[in-house]
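A.B. asks: Here is a sequence together with a model predicted from it:
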Amino acid sequence: MLVLGIETSCDDSCIALVDGTGKILANVVSSQVDIHRQFGGVVPEVASRKHLELLPFVLHSALSGAQITLDAIDLITVTRGPGLLGSLLMGMCFAKTLALAKSKPLLGVNHLEGHLFAIRLDYPTLEPPFIALIVSGGHTELVDVAEWGRYQVLGGTRDDAAGEAYDKVAKFLGLGYPGGAIIDRLSEQGNPQRFFFVGGLETEDTLDFSFSGLKTAVVRTFSRFSKEEKQNFQSIVDLVASFQESVVRILLKKTITALKITGYRRVVLGGGVAANRCLRKKMKEGGEQRGFQVFFPSPSLCTDNAAMIAICGLFHFLQGRRDSLHVEPDPHFSL
Ligand code: KG4
Ligand code: ZN
């Protein structure tokens, strides 16, 4: 069994090949970050045009890297949503064309479920039940995974997603784009205890998140800095390290509450922010102290990729699901 995965929900043009056991044969990610950096964020119209231009090359790279021809593929999977409509359309149009031209079955995949399934690429035998924490640029979701394919969202963000807050703080401080990995790196040199930020909803009895207020608190603290302090590298890294400490503390706190409510003893993470070193460390430590297991995909499988789409699509295909060539993208596709 050979599965082709296509992912174009945002600004990465991704194609992967995964076999029936979940082994990755190719996983190509063509990042558009250098193009969007000059605008300080993703420009949707530019992203969709770039997908159109890049996808044929990304496909060629994946197939030749794995030494496989299109004829040998058994299933074509593609992200249906959530994401940017124009970007999703490009991936779906590309997938439908391949499915039609080569008479292959087609399956649309939920991007968030893909992030959830990324863990199976590293831990093929991992089975629910567990709590999943999906933390990306667009989502912060705590999910009760009773079994693969059966989900109950326990909490989500009411405003900014965790990754979005990272990106906005980095942009405000002029640190670069995308901000998550930059703040992750800079924070290693900072003092996370220098400032204390309480997150919105942190102390409230809900599994929802709110990161917008946290971002504003960082902005306010910076604006109270003296002129010299604003130029001072140590003050800036202390500020971002303290911001990160708060984000991680909130994510850990709500995850622990979700474990208590469900009685589960395992947590699976996914999404770009799950690549964060501080989050990985603190979550592991939390698990050791409180007796729950924590599973992270390897960092390159946390951020957007098509291998996670392929393995998620493979699961549904084996359950008997198929999509017609009329399947449409859904920018607000929920779990
Ligand atoms: O899952 P992803 O690649 O795309 C979405 O589905 O949104 O996540 C991208 C997000 C961005 O906000 C990016 O800044 C953040 O993940 N991110 C990180 C790290 N690497 C990527 N955030 C914190 N620490 C990182 N190391
Ligand atoms: Zn994503």
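C.D. replies: On my side now, so go ahead. Ligands and ions are numbered 1, 2, ... in the order given.
A.B. asks: What number of residues are in the vicinity of Gln231?
C.D. replies: Using other Cβ atoms under 10 Å, Gln231 is surrounded by 10 other residues. Just so you know, the C-beta spots here come from the backbone N, C-alpha and C atoms, and that holds for glycine as well.
A.B. asks: The residue nearest to Lys171 when sequence neighbours are not counted is in what secondary structure piece?
C.D. replies: Nearest non-adjacent residue to Lys171, counting by Cβ to Cβ, 6 or more residues apart in numbering: Gly40, 5.5 Å away. Secondary structure assignment for Gly40, by DSSP states H and E: no helix or strand.
A.B. asks: Can you tell me how far Gly40 is from Glu164?
C.D. replies: Distance check for Gly40 against Glu164: by Cβ to Cβ, to the nearest Å, it reads 13 Å.
A.B. asks: neighbour count winner among those two?
C.D. replies: Comparing Gly40 with Glu164 by other Cβ under 10 Å, the one with more neighbours is Glu164, at 23 against 15.
A.B. asks: All the helices of the stretch 1-150 of the chain, residue numbers only.
C.D. replies: Secondary structure of the stretch 1-150 of the chain (DSSP state H, counting those that start in this stretch): helices at 33-37, 44-66, 85-102, 111-117, 119-122.
A.B. asks: Quick check: which of those helices is nearest to Gly190?
C.D. replies: Between Gly190 and the helices of the stretch 1-150 of the chain, the tightest spacing by Cβ to Cβ is seen for helix 33-37, at 23.2 Å.
A.B. asks: rewinding a little: out of the helices of the stretch 1-150 of the chain, deepest packed?
C.D. replies: helix 111-117 (a mean of 28; mean count of other Cβ atoms under 10 Å).
A.B. asks: Tell me which helix or strand comes right after the helix or strand Lys260 falls within.
C.D. replies: Element membership for Lys260, per DSSP H and E: helix 233-262. Per DSSP H and E, the first helix or strand lying C-terminal to helix 233-262 is strand 266-270.
A.B. asks: end-to-end on stretch 24-39?
C.D. replies: Using Cα to Cα, to the nearest Å, the end-to-end distance of stretch 24-39 comes to 34 Å.
A.B. asks: Does ligand 1 have contacts with that stretch?
C.D. replies: No - in terms of Cβ under 6 Å from any ligand atom, no part of stretch 24-39 sits within range of ligand 1; the closest distance is 9.4 Å.
A.B. asks: Let's have the helices of the stretch 1-150 of the chain in a markdown table, adding distance to Glu141 and mean pLDDT.
C.D. replies: Formatted as a markdown table, the helices of the stretch 1-150 of the chain follow (distance: least, Cβ to Cβ, whole Å; pLDDT from 0 to 100):
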| stretch | distance to Glu141 | mean pLDDT |
| --- | --- | --- |
| helix 33-37 | 24 | 89 |
| helix 44-66 | 22 | 96 |
| helix 85-102 | 19 | 98 |
| helix 111-117 | 7 | 98 |
| helix 119-122 | 15 | 98 |
